[in-house]
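Peer 1: generate a structure from the sequence data that follows.
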Amino acid sequence: MERHYSRNSTVESVPMQSEIVLFNPGNNRFCLLNSTAALLWSKLETPRTVQELAESFHGHFENVDSSVASRDIELALSQLLEVECVVRA
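Peer 2: Below you'll find the model as predicted:
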């Protein structure tokens, strides 16, 4: 069974042009998301698997191969997990 990921409900987010700034009050850490990572953040409003995220990115970015999207999403999720902005659901 594939793991689902979602936003940490305690993390605050503020949009800034095409980017998003995240603040986790639990560990007092900030995270700046570029436009692609901001899209990932928006899709994590509901729990999703890496495969579901990759498919949605493939639909949004027509020239992105799903295996490349999956790899990049896994990397971004691991970084967001590290700063506790995302949780495994």
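
Peer 1: following the helix ranked longest in the chain, which helix or strand comes up?
Peer 2: Counting by DSSP state H, the longest helix found in the chain is helix 66-82. Downstream of helix 66-82, the first helix or strand assigned by DSSP states H and E is strand 86-88.

Peer 1: who's in contact with that following strand?
Peer 2: Residues outside strand 86-88 that contact it (CB atoms under 8 Å, 6 or more residues apart in numbering): 3-8, 44, 77, 80-81. Yep, even glycine has a C-beta here, placed from its N, CA and C like the rest.

Peer 1: change it to 6 Å
Peer 2: 3, 5, 8, 77, 80 (CB atoms under 6 Å, 6 or more residues apart in numbering).

Peer 1: in space, what's closest to the last one - neighbours in sequence excluded?
Peer 2: With CB to CB, 6 or more residues apart in numbering as the criterion, Leu80 has its nearest non-adjacent residue at 3.9 Å, and that residue is Val86.
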